[in-house]
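Participant: Structural data only, the sequence is not supplied:
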């Protein structure tokens, strides 16, 4: 008796796997051979050389960085509008978004013992500044939040807590979240034990002397303490000096602060569908970047990919059934303002969003396509996967989460497609001054365009619906 | 008749080549088989794993950066004295050197047109600061000094000259000098045509967003204008914006300045020879570094290599004939102060310097051994080359120049040995914040120690003299 439900589950899973893997799946997708042939052509011509790199070059030369609320952000919006108009999108518009405005200011730090050493660091996004002029305190090292939790407050009070966990490099980017946890929650966790400042080893994989920023989140009920990330070589030295046994003091200088909220915009461009123009295949990216680099990988690459993919669909002699809508989201990095604003503005027509996909992991090659669609629509995803396979893309599961900017729409029931990218090199430059065009590989970018143009075309052409999905239980 | 001298020369060259390449050369070197066997043992045991990396780690953790005249420079001197004493050198001493003291101060720059972009730059060593607070001027780009020379003064006056030449990556490091020429001579050449500032694309090979400093030299008869090097990605953007056609202004902020000259020291450690202790095999490196990085590659690596090589010779049951003298030169980077002081202090006993070698190209593998010795001593160099060959080291010519710190002694007739290193990666981090231990490969470092310990042992053991060489014609 106890085994029966388990066996039934196994049968179900195996059955689903057979459906997913079936070579005849394309035949069940409702996509005719002509559509599959056209998708393969779109794939191959983009893969042979697309215009995405030149789009990205113009964005990084003309409008970078594009941090929320800055003149660069506004230049990015203008670039998005002008570029999609120039490329012949059917409708191009800006939808207003209000974004927070945080200013990094000056940032510097010094290890004081046993001798003075200047370090390379980056204030965490949203950090308060240090007391005028500097904060100087002894450093106490912990690997992560768990180790901090285990320390008595007496070991932390009046000190700067230094999180030392080192991010692991993987194709899936799986090392990121465990390391970035301290970035979000570390300052308040440290302050709750009386710490006066927070440092962390950068959540990134390069050993170059470059610091990785990223947003932190203060809790309401504890003091807000200044927080910064050290470059790996500087974290190495701080760890080595602490290992020498004597107390090590650190001096931190941050002049970061908030200004008043500022206007920005989601930039939208559409390639209208021939048969169901009100149904939308949403291709997303975010136009904002951190304030340090050019936002070439994060996320200029994604914007270049989806704009170029949609442009190519727009040039077909026969448009697909549905509209392909490119959304360049505002302010992903510092609070998902654009995603929230889009979700609110389009709450009434989320049902018309046939499916969404976001490119937001730089220019690394797509290696897997996964989905979150109604089970009836899996044959369409299978057909898409079959067309993407020659790009070296494997079929994933039906548990995709999609990009961060799709969260509000996914929560409201929008199906999603996820073209998962190779993250091996992405976290070398993510959120750093070194996120520049020089780190982008043109051929990898073209492989992404090839994947997006074929997948978006087939999703827009498929007669079947991808939903409905039940809305997620909200928090 | 006309052909005869040429043929005679060919015969001479071919004959010399035969001598150099002769497998029997070791037999002519006066080095007995026991000495050759011991050298091979020294080579192999160092190659299997030396202590150089740990020496370098302690230097970079405890005393970095070590820019001339700074507290870090003094910490480096203390480290050198303490380290060689701890390692059991026979005699360890500091010889005083006075060094110039330049302070980088704050440095920042912005491309102003068509939109504001902050850049990553480094003031050139010795640069004057900008007028309080900033210098703002239109940019005029030239590839190199020749192109500047061809411009009329009217095209340059009142502008910032931007040298765009890109350094080539080669094993020999041959791309460096042609690119660094503008670093030394560019500011005065630009000022002579009325320029108010000078920028250059960094003389380095990495595409990372890191700027490479290095010394500039002002001429006496022209105004001193502020000068800085841009990171490659920033130089890319400045070039791209200039290519758009409209004038592009740049704002430069440098607070660099000179302070009073400061005391430093050459640090000397000796392993005394058993038979001719007054004759010296000089192993050099420079202990100072630029102010930006850890000076791990430039030139902590060289110091770790020669200290470790000499230490290993000192632990032999039977010492070689001559003394091995390690010299950690002061202030190579900003005027060769240590080399000049050593040359002056030892002018009377340069004749006792049997031969010198300097390690000053980071940790890249040694790939060639060349020399500048009397022709009678070539068989000893051949014997050294034969012992180094299993390390992948080939035999070079007898036209070696040796390291920069050996210049005064070489000019006075000291023979030199040059263990040429692979420079392919060196100029990725040279003179940057990114010159850290994280960029040093432990196995490459050990290969260097293996080469130095074997070569230095054989040079110290050889009965034959390497000189005399005629002093070079002075400037």
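Facilitator: Thanks, I have the structure now. As the structure is a prediction and not an experimental result, all values here were calculated from the model.

Participant: Show me which residues of chain A sit near chain B.
Facilitator: For chain A, the contact set with chain B under Cβ under 8 Å from any Cβ of the partner chain comprises A:57, A:60-65, A:71-72, A:75, A:114-117, A:120, A:207-210, A:232-233, A:236-237, A:240-241, A:293-294, A:432-434, A:436-439. Heads up, the C-betas are built off the backbone N, CA and C, glycines and all.

Participant: Only the buried subset of the residues you listed, as a ChimeraX command please.
Facilitator: Under the burial definition 16 or more other Cβ atoms under 10 Å in any protein chain shown, those of those that qualify are selected in ChimeraX by:
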select /A:57,60,61,62,63,64,65,72,75,115,117,120,207,208,209,210,232,233,236,237,240,241,293,294,432,433,434,436,437,438,439
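
Participant: Which ones among the residues of chain A next to chain B map onto helices?
Facilitator: A:57, A:60-62, A:71-72, A:75, A:232-233, A:236-237, A:240-241 (DSSP state H).

Participant: Just put those residues in TSV and tack on pLDDT.
Facilitator: Output for those, formatted as TSV (pLDDT from 0 to 100):
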residue	pLDDT
A:57	98
A:60	98
A:61	97
A:62	96
A:71	95
A:72	96
A:75	97
A:232	98
A:233	98
A:236	98
A:237	98
A:240	98
A:241	98
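
Participant: quick one, what contacts residue A:38?
Facilitator: By Cβ atoms under 8 Å, 6 or more residues apart in numbering or on different chains, residue A:38 lies in contact with A:316, A:457.

Participant: and the gap between it and chain B?
Facilitator: Noted for residue A:38: a distance of 36 Å to chain B, by Cβ to the nearest Cβ, to the nearest Å.

Participant: what about stretch A:45-54, distance to the chain center?
Facilitator: 22 Å (Cα atoms, centre = their mean, to the nearest Å).

Participant: buried ones in that stretch?
Facilitator: Per 16+ other Cβ under 10 Å, stretch A:45-54 contains these buried residues: A:46, A:47, A:50, A:51, A:52, A:53.

Participant: quick one, phi/psi of the fourth one?
Facilitator: I take that to be residue A:51. phi -90, psi 10 (degrees, to the nearest 10).

Participant: correct me, but it touches residue A:308?
Facilitator: Yes: contact criterion Cβ atoms under 8 Å: residue A:51 and residue A:308 qualify, at 5.5 Å.

Participant: what ranges do the helices span in chain A?
Facilitator: Going by DSSP H, chain A shows helices at A:3-21, A:25-28, A:33-47, A:52-62, A:71-86, A:145-150, A:176-191, A:232-243, A:301-314, A:337-345, A:378-388, A:407-411, A:426-429, A:442-461.

Participant: Ranked by average pLDDT, which of those falls at the bottom?
Facilitator: The minimum mean pLDDT among these belongs to helix A:3-21 (a mean of 39).

Participant: Any figure for the gap between the single nearest residue of the stretch 51-200 of chain A relative to chain B and residue A:436?
Facilitator: Chain B sits closest to residue A:61 of the stretch 51-200 of chain A, with a gap of 4.4 Å, by Cβ to the nearest Cβ. Look at residue A:61 and residue A:436: by Cβ to Cβ, to the nearest Å, they are 11 Å apart.

Participant: Residue A:454 too?
Facilitator: Computed as Cβ to Cβ, the residue A:454 to residue A:436 distance reads 29 Å.

Participant: Contacts only, for the residue of the stretch 51-200 of chain A closest to chain B.
Facilitator: B:237, B:240, B:241.

Participant: which among those are in contact with chain A?
Facilitator: Restricting the contacts of residue A:61 to those near chain A - Cβ under 8 Å from any Cβ - leaves B:237, B:240, B:241.

Participant: Surely the last one and residue B:115 touch.
Facilitator: No: the pair residue B:241 and residue B:115 does not pass the contact test of Cβ under 8 Å, sitting 9.2 Å apart.

Participant: any idea how far stretch A:392-404 is from the chain center?
Facilitator: That offset, for stretch A:392-404, works out to 14 Å (Cα atoms, centre = their mean).

Participant: List the buried residues of it.
Facilitator: Result for stretch A:392-404 [16+ other Cβ under 10 Å]: buried residues A:393, A:395, A:396, A:398, A:400, A:402, A:403, A:404.

Participant: do the same with stretch A:251-267
Facilitator: Neighbour-count burial for stretch A:251-267 [16+ other Cβ under 10 Å]: A:251, A:252, A:253, A:254, A:255, A:256, A:262, A:264, A:265, A:266, A:267.

Participant: Could you do stretch A:68-81 as well?
Facilitator: A:68-70, A:72-81.

Participant: Then stretch A:440-452?
Facilitator: For stretch A:440-452, by 16+ other Cβ under 10 Å, it's A:440, A:444, A:445, A:446, A:447, A:448, A:449, A:450, A:451, A:452.

Participant: tell me the pLDDT at the nearest residue to the fifth one once chain neighbours are set aside?
Facilitator: Closest residue to residue A:447 apart from its sequence neighbours, by Cβ to Cβ, 6 or more residues apart in numbering or on different chains: residue A:365 at 5.1 Å. Predicted confidence (pLDDT) for residue A:365: 98.
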